[in-house]
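> Let's see this in three dimensions:
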Amino acid sequence: MGSLRHRVRIAALQILFEVDATDHPIDVVFERRREEEQLAADGERFLHRLVFGVWEHRTYLDRIIEEAAPNWPITQMPGVDKAILRIALFELLIDDLEKTPVKAVINEAVELAKQFGSDNSSRFVNGVLGTVVSRYRPGHDVL
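Alright, predicted model coming up:
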């Protein structure tokens with residue numbers, strides 16, 4: 001299941017990055033990626049929950065990011081880093097269906113940052129997520 005989840009997170013990152021950087025409708029972008037990925041049913045459900053959950057809660061997630069990284073206004077943050085952080089924070093703070101372990105979410109986000117971000121992305125993502133986890137201790141209702 002690990003590699004499936006990794007593929008799903010990559011697809012979610014690509015969808016969210018595109019939708020955030022353009023005015024393409026999220027449902028159209030989602031559908032195109034879903035068809036390209038050809039995921040099993042559980043992978044498709046996970047992708048749908050990540051993409052639409054992150055998009056629905058992005059204002060809240062951005063506020064959390066800005067509190068954890070006050071020197072980086074969300075509007076100046078690289079799009080890849082922003083999308084990775086939104087996905088990870090959605091998994092850590094909002095998605096109570098999966099209950100992915102904190103360490104797994106952080107490791108996955110750091111891997112995505114190494115794979116798709118700039119040279120500093122993985123350190124930045126790790127730092128922001130570490131700050132958020134220490135501040136909000138998953139398992140407590142932060143909404």
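> Can you get me a residue count around P101?
Neighbourhood size, P101 [other C-beta atoms under 10 Å]: 12. From N, CA and C alone the C-beta is placed, and that goes for glycine too.
> ditto for Q38
Around Q38 there are 8 other residues, counting by other C-beta under 10 Å.
> ok, the residue nearest the centre of the chain - contacts?
Nearest to the geometric centre of the chain sits I87, at 1.3 Å (C-alpha atoms, centre = their mean). Contacts for I87 (C-beta atoms under 8 Å, 6 or more residues apart in numbering) come out as R9, A12, L13, L16, L50, V54, A109, L112.
> and it, what helix or strand is that in?
I87 is located in helix 79-89, with elements delineated by DSSP states H and E.
> Check the offset of that helix from the chain's centre.
Relative to the chain's own centre, helix 79-89 is displaced by 4 Å; criterion: C-alpha atoms, centre = their mean, to the nearest Å.
> buried ones in it?
Within helix 79-89, the residues scored as buried using 16 or more other C-beta atoms under 10 Å are V80, D81, K82, A83, I84, L85, R86, I87, A88, L89.
> Check stretch 15-32 too.
Using 16+ other C-beta under 10 Å as the test for burial, stretch 15-32 gives I15, L16, F17, E18, V19, D20, I26, V29, F30.
> Out of those, the closest to R63 would be?
Using C-beta to C-beta, D20 is the member of the buried residues of stretch 15-32 that lies nearest R63, at 15.7 Å.
> low pLDDT regions in this protein?
Residue ranges of the chain with pLDDT under 70: 1-2, 137-143.
> change it to 80
1-2, 96-98, 137-143 (pLDDT under 80).
> Next, the angle from the longest helix belonging to the chain to helix 79-89.
As far as residue count goes, and with DSSP state H defining each element, the longest helix of the chain is helix 2-21. Here helix 2-21 points in a direction 130 degrees away from that of helix 79-89 (axes from the mean of the first three to the mean of the last three C-alpha atoms, to 10 degrees).
> Many thanks, have a good one.
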